[in-house]
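S.K.: Prediction below, plus the sequence it came from.
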Amino acid sequence: MTSHFFLLGSPLSVERLSWIEESLKFFFVKLNPENLLHHTKAPRDAVFTVFLTGDALYSVQEPQTLPLWEIILSMPSVKIVCDLKELELRGISIGRLKMKNPEQVIDQNSLALNGQPSFWKDVMKYARQHEQPVPSTVGYLQMESPYMNQSSHAALQFLTAGMEAHASVDLYTYLDGIHLGHIGQNPSECENIGRGLEDLHDRAQKKGLTFQMLACGRCAAARGYSTWDDGQGVVISTCTIKPVKIRNLQEITEQLMRSHIILAKDSASIQLKKEGQVSSFPLQDQGRSPPVTILVTHRPYGTEEAFGAISFAVACAYTGITTRVVFIEDGVYALLGEHKLEAGTHFFNLQEVIDAVAGSGNLQFFAFQPSLNQRGIVKNKKLNAVLDIGIPELGQLLFFSPNGVSASHQRVIFF
Amino acid sequence: MMTGTPAEIPDFSSLTCTNLMIRLKMLLKKALPHETVECIVRRDQRDTIDVPFSRTGYDVKIRKVDTNRYRVSLKKKEHGPET
């Protein structure tokens, strides 16, 4: 049974694949060396499965990333599952990787109800292995707009696969993901995402399942969706499709208190041992909710991702979920120098936000030192609540259960 | 923002609950131990502030000033916030 899996859809840089490779090495060498001994294991016994779709697939062919995949696949308990349709669409060949590792590189997907190969059916199989009995709900966090980004189709396909597997489905839309719920979408060259979501809603009702689509109130208001607030936090909008409910972010993060699998364009689900070692970064939370690790990978200010990540983390922590934020890759620029903001502006100084919320219960911040080193930058010394970490500590954060948390798995979300 | 006349009290009623929490934490971080941080909030925001801040070492005072408008005062307790 697969214990852990990554779902990757964005372009995979050498940097990202390197820290993933190093983390896996840490997992196998330091934590589970016995997994390195079974070279003849069948792929279904993989400990780690990496699902690749969209632009992440280029990494299996690119000369810079291919050697990293070869190192990763030298660990016998790892396999990768590729989205066949996306491989074919892009003309990507995985021949070299598959020839060397035929048992570990999968490019044939299961057949969906329509008889077509479905990568998302495979994702769903693994997502639903995490709980016994199988979970009744799966969720997806969508942060990109439709049409400009293919990820909205992925979200729809994931939810459809969930419903075909008789699971209720949740869609949480955040940042530009809000636009998935806009009324009156009429694309001429693409699948209509709005109509697809409405169809899914109807199918759920017919099957006796639920389809819950929650949109972040802050993001919706900023984008012109909120037209009326009844004074008790219920926001009504006339420009959304019927299934959409605009809610305070904390009402969305309350959904994360449940233990269902929640994926995003780039995300991971790490199974946690219920007994055994605990992280050396103890937190006070004693809950059973899956902890959340948020990886901030984008530069601040240029886009909303970095602030959106911290806001999401604050809401998770406030809800009572053990939440760790790791500034990694370009996300470390949030820690560079001393940010100064014009007085009176409505915008947030990200460093002030980090400094102010870092002492909150359930919430911890980390800076991935190799990302700082690679960019030749140092962290603002005033941000002493942001702890420096390397691969071993990142491994601990990913693979150890936080102190006092008895959840079955950890959610990892890339922002 | 820090203890002043009603005209100086910031109106945070348009903020979402998460951003309100962030704003207040930023103001409290800057406040001196004896200073009070005040703001105007909505009813649902009042509920968001009351318990978490009381629980983490702050004196919280809330007074209704108008329909769906509340004046909130936060001050660090003597022994400081537990966070």
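M.R.: Ah, there it is. Residues are numbered from 1 along each chain as shown, chains lettered A, B, ... in the order given.
S.K.: so what secondary structure elements neighbour the least confident helix or strand in chain B by mean pLDDT?
M.R.: In chain B, the helix or strand scored least confidently by mean pLDDT, DSSP states H and E is helix B:43-55, which has a mean of 82. Taking 3 or more Cβ pairs under 8 Å, 6 or more residues apart in numbering or on different chains; DSSP states H and E as contact, the helices and strands that helix B:43-55 lies on are helix B:17-30, strand B:58-66, strand B:69-76. Yep, even glycine has a C-beta here, placed from its N, CA and C like the rest.
S.K.: The first one versus strand B:58-66: what angle between them?
M.R.: Put plainly, it is helix B:17-30. 120 degrees (axes from the mean of the first three to the mean of the last three Cα atoms, to 10 degrees).
S.K.: quick revisit: for the helices and strands packed on helix B:43-55, give me a markdown table that also has distance to residue A:380.
M.R.: Formatted as a markdown table, those follow (distance: least, Cβ to Cβ, whole Å):
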| stretch | distance to residue A:380 |
| --- | --- |
| helix B:17-30 | 15 |
| strand B:58-66 | 27 |
| strand B:69-76 | 25 |
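S.K.: Among these, show me which one is buried the most.
M.R.: Highest mean neighbour count among the helices and strands packed on helix B:43-55 (mean count of other Cβ atoms under 10 Å in any protein chain shown): helix B:17-30, with a mean of 21.
S.K.: Output that helix as CSV, restricted to C-alpha atoms.
M.R.: The C-alpha coordinates for helix B:17-30 follow below in CSV (Å, rounded to 0.1, in the frame of the first residue of the first chain):
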residue,chain,number,x,y,z
CYS,B,17,-11.9,37.8,10.2
THR,B,18,-8.5,36.5,9.2
ASN,B,19,-7.1,39.8,8.2
LEU,B,20,-8.7,41.4,11.2
MET,B,21,-6.7,39.0,13.4
ILE,B,22,-3.6,39.8,11.5
ARG,B,23,-4.1,43.6,11.8
LEU,B,24,-4.8,43.3,15.5
LYS,B,25,-1.8,41.1,16.1
MET,B,26,0.4,43.6,14.3
LEU,B,27,-1.0,46.5,16.3
LEU,B,28,-0.6,44.6,19.6
LYS,B,29,3.0,43.7,18.7
LYS,B,30,3.8,47.4,18.4
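S.K.: rewinding a little: buried set for the least confident helix or strand of chain B?
M.R.: B:43-46, B:48-49, B:53 (16 or more other Cβ atoms under 10 Å in any protein chain shown).
S.K.: do stretch A:251-269 as well
M.R.: A:251-256, A:259-269.
S.K.: Just the C-alphas of that stretch, formatted as CSV.
M.R.: Taking C-alpha atoms only, stretch A:251-269 is exported to CSV below (Å, rounded to 0.1, in the frame of the first residue of the first chain):
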residue,chain,number,x,y,z
GLU,A,251,-15.3,28.5,7.7
ILE,A,252,-13.3,27.0,4.8
THR,A,253,-10.4,26.0,7.1
GLU,A,254,-12.9,24.5,9.5
GLN,A,255,-13.5,21.9,6.7
LEU,A,256,-9.8,21.0,7.1
MET,A,257,-10.5,19.8,10.6
ARG,A,258,-12.0,16.7,9.1
SER,A,259,-9.5,14.0,8.0
HIS,A,260,-10.5,13.7,4.3
ILE,A,261,-7.8,13.9,1.6
ILE,A,262,-7.4,17.4,0.2
LEU,A,263,-5.3,17.9,-2.8
ALA,A,264,-4.2,21.0,-4.8
LYS,A,265,-2.3,21.5,-8.1
ASP,A,266,0.9,20.9,-6.2
SER,A,267,0.4,19.1,-3.0
ALA,A,268,1.3,16.0,-1.0
SER,A,269,-0.3,13.7,1.5
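S.K.: Just give me the closest of the buried residues of helix B:43-55 to chain A.
M.R.: residue B:44 (4.2 Å; Cβ to the nearest Cβ).
S.K.: who in chain A is up against chain B?
M.R.: With Cβ under 8 Å from any Cβ of the partner chain as the criterion, chain A meets chain B at residues A:217-218, A:221, A:231-233, A:248-250, A:311, A:314-315, A:318, A:348, A:352-353, A:355-357, A:359-361.
S.K.: so residue A:119 makes contact with residue A:54?
M.R.: No - the criterion here is Cβ atoms under 8 Å, and residue A:119 misses it with residue A:54 at 10.2 Å.
S.K.: Now do the shared contacts for those two.
M.R.: Taking Cβ atoms under 8 Å, 6 or more residues apart in numbering or on different chains as the contact rule, residue A:119 and residue A:54 both touch A:83, A:86.
S.K.: of these two, who's got more company?
M.R.: residue A:119 (26 against 21; other Cβ atoms under 10 Å in any protein chain shown).
S.K.: Next, the contact list for that one, please.
M.R.: A:51, A:53, A:81-86, A:109, A:157.
S.K.: Ok, residue B:25 next?
M.R.: A:356-357, A:360.
S.K.: per-residue confidence at residue 26?
M.R.: Defaulting to chain A. On the pLDDT scale, residue A:26 is placed at 93.
S.K.: right idea, wrong chain: chain B
M.R.: Reading off the model, residue B:26 has pLDDT 89.
S.K.: Over to the one 4 residues further on?
M.R.: In this model, residue B:30 is scored at 87, pLDDT.
S.K.: any idea how far residue A:189 is from it?
M.R.: 52 Å (Cβ to Cβ, to the nearest Å).
S.K.: How about residue A:260?
M.R.: For residue A:260 relative to residue A:189 (Cβ to Cβ), the value is 34 Å.
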